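S.K.: I'd like to go over a predicted model; first the sequence, then the structure.
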Amino acid sequence: DAGITQSPRHKVTETGTPVTLRCHQTENHRYMYWYRQDPGHGLRLIHYSYGVKDTDKGEVSDGYSVSRSKTEDFLLTLESATSSQTSVYFCAISGDRNEQYFGPGTRLTVT
Amino acid sequence: KQEVTQIPAALSVPEGENLVLNCSFTDSAIYNLQWFRQDPGKGLTSLLLIQSSQREQTSGRLNASLDKSSGRSTLYIAASQPGDSATYLCASDSGGSNYKLTFGKGTLLTVNP
């Protein structure tokens, strides 16, 4: 299994509070991604990174920001959480072959 | 914009049956197509990656094929087992971006003992 961890694995927070999710990899892969998975919508790309300090928006980036200060860490921040951001969040990584490997996910509930 | 469709949305088969899962995509200018498995409450596990220069890939009882010109890929599972029960997702890149994937909504497979 690819060395990807996500923290926390579960979180309940209140509307309007900031939330940061962390993705950590031990594979030294260049690309890192944040997705959300929702019933009826499937997996959708939020943001991705193609190197340290290099990030770009995905399909559903509104309300989210990211940072990557080290190769191994990719942070996803919800500046002011809303109920529509209740979801399961997955981090993924890919290397030279562009084969993506996924982390175990973070289940976020915004009340 | 790439769109990926998987048919059927759900499939139930008896143990031992051979089966085919289908995936279609609208933009044929892809670099890679990837098949994943997802168990309930878990992350995605990569099963097979087919690069555009390849027509198929095999891993054990799994065989995935790719026909770029028709915008189709199939995942063949031989001699299905109850442990194969899961959701199977396909994903492809597109538009010159070989590192961003668009996912189908998956096929929920149930293999009955």
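M.R.: Here it is on my side, so go on.

S.K.: just checking the helix or strand of chain B with the lowest mean pLDDT against chain A, any contact.
M.R.: Across the helices and strands of chain B, mean pLDDT, DSSP states H and E gives its lowest value to strand B:97-103, namely a mean of 81. Yes: Strand B:97-103 comes into contact with chain A (Cβ under 8 Å from any Cβ of the partner chain), by way of B:98-101, B:103. All C-beta atoms are positioned from the backbone trio N, CA, C, and that covers glycine.

S.K.: with stretch B:47-54 instead?
M.R.: Yes: using Cβ under 8 Å from any Cβ, stretch B:47-54 reaches chain A at B:49, B:51.

S.K.: please identify the helix or strand for the closest residue in space to A:Leu108 that isn't next to it in sequence.
M.R.: Among residues not flanking A:Leu108 along the chain, A:Lys11 sits closest, at 5.2 Å (Cβ to Cβ, 6 or more residues apart in numbering or on different chains). Counting by DSSP states H and E, the element that carries A:Lys11 is strand A:10-13.

S.K.: same check, this time on A:Gly40
M.R.: Using DSSP H and E, A:Gly40 sits within no helix or strand.

S.K.: same question for the one 4 residues further on.
M.R.: In this structure, A:Arg44 sits in strand A:42-51 according to DSSP H and E.

S.K.: so what's A:His24 up against?
M.R.: A:4-7, A:72-73 (Cβ atoms under 8 Å, 6 or more residues apart in numbering or on different chains).

S.K.: so which of those are in helices?
M.R.: Among the contacts of A:His24, the subset assigned to helices under DSSP state H is empty.

S.K.: nearest to A:Tyr101, of those residues?
M.R.: When those are compared for distance to A:Tyr101 (Cβ to Cβ), A:Ile4 wins out at 6.3 Å.

S.K.: could I get the CA-only coordinates of the strand holding A:Arg44 as CSV?
M.R.: Once non-C-alpha atoms are left out, strand A:42-51 reads as follows in CSV (Å, rounded to 0.1, in the frame of the first residue of the first chain):
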residue,chain,number,x,y,z
GLY,A,42,-19.2,10.6,-6.8
LEU,A,43,-15.7,11.8,-6.4
ARG,A,44,-14.9,15.4,-7.3
LEU,A,45,-11.5,17.1,-7.3
ILE,A,46,-11.2,20.1,-4.9
HIS,A,47,-7.6,21.2,-5.3
TYR,A,48,-4.4,19.6,-6.4
SER,A,49,-0.6,20.3,-6.1
TYR,A,50,2.1,19.7,-8.6
GLY,A,51,5.0,20.6,-6.3
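
S.K.: could you check how far the helix or strand immediately after it in the chain is from the centre of its chain?
M.R.: Per DSSP H and E, strand A:42-51 leads on to strand A:54-57 as the next helix or strand towards the C-terminus. In terms of Cα atoms, centre = their mean, to the nearest Å, the gap separating the centre of strand A:54-57 from the centre of its chain is 12 Å.
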